[in-house]
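Participant: okay, sequence plus prediction incoming.
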Amino acid sequence: MKVIDTHAHLDELPDLPQALEEARRVGVEAIVAVGMDLTSNRRTLAIASEYPGFVFAAIGYHPWEIRPDEVSETLAFIDENLGRSVALGEVGLDYRARVKKELQREVFGRLIEMALRHRRPLILHCRYSHRRVLSMVREAGVKEAVFHWYTGPLELLEEILEAGYYISATPALTYSPPHRAAVAEVPMDRLLLETDTPVTYRGLKARPRHVALTLREVSRIKGLSPEEVARQSTENALRLFGPSGLTLKEELK
């Protein structure tokens, strides 16, 4: 089975070569490595260069990491290097973060404009801000986006799907009722698999190989074989990120 981990913070792994080898052994064919700030973006691009054809960079500006005195430099770096990335992310809003909401919205708006200009899909963080994030991307005319680790209202999920966007599933499916409910509702052709490495899920510190756990849980929820979930989710990832550079060494069979 071929599977893609569409969201991992590889720059935070101290034993990256080992983690990538573990992932290969369970069938991971590609990983989208996601940045959060200037430092992690630089490291993420370097990792993608070190593992071409297996690790693909996405650079962004996470709402947790926004600092007023760093905004200009970070946005300039993203603008200059987005062409080397398959997506712009992780970006969005987090209304439980200490960063002022007004600053978050200002930065997110500029990032949305950047994604449109560079024709890159968005990887969205929307903690306690699902509706505002949806309204901002939809009103800006964004066509390609994934709502990362979706746990929001099901009625809003309908609007997300109507707008043509994706959601991603994580190992939190093992315990999170809102996440399970969302994954149960989303059609398979709008679902991506991820780990959000190195997040800890109730004692499990995620690594890219744990996308196999996400796959298993989606299979159970959907009543589909792991092979079918792997095939469809991989097709979805290639549809979303392929136009900006994500490829597999072999075509899907």
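Facilitator: Happy to help now that I have it.
Participant: ok, residue 106 to residue 136 distance?
Facilitator: From residue 106 over to residue 136 the distance is 11 Å, taken as Cβ to Cβ, to the nearest Å. Just so you know, the C-beta spots here come from the backbone N, C-alpha and C atoms, and that holds for glycine as well.
Participant: ok, residue 33 touching residue 44?
Facilitator: Yes. With contact defined as Cβ atoms under 8 Å, residue 33 reaches residue 44; the gap is 4.8 Å.
Participant: overlap in contacts, the two.
Facilitator: Residues touching both residue 33 and residue 44 (Cβ atoms under 8 Å, 6 or more residues apart in numbering) are 10, 11, 57, 58.
Participant: wait, what's in contact with the closest residue to the first one other than its chain neighbours?
Facilitator: Yep, that's residue 10 we're talking about. Spatial nearest neighbour of residue 10, excluding adjacent residues (Cβ to Cβ, 6 or more residues apart in numbering): residue 33 at 4.3 Å. Going by Cβ under 8 Å, 6+ apart, residue 33 touches 8, 9, 10, 11, 44, 47, 48, 55, 56, 57, 58.
Participant: swap in residue 144?
Facilitator: Listed by Cβ under 8 Å, 6+ apart, the contact set of residue 144 reads 120, 121, 122, 164, 165, 240.
Participant: any idea how far residue 35 is from residue 166?
Facilitator: Taken as Cβ to Cβ, the span from residue 35 to residue 166 is 19 Å.
Participant: tell me, how many residues neighbour residue 108?
Facilitator: Counted by other Cβ atoms under 10 Å, the residues lying close to residue 108 total 25.
Participant: surely it and residue 137 touch.
Facilitator: No. Under the criterion of Cβ under 8 Å, residue 108 makes no contact with residue 137, lying 9.0 Å away.
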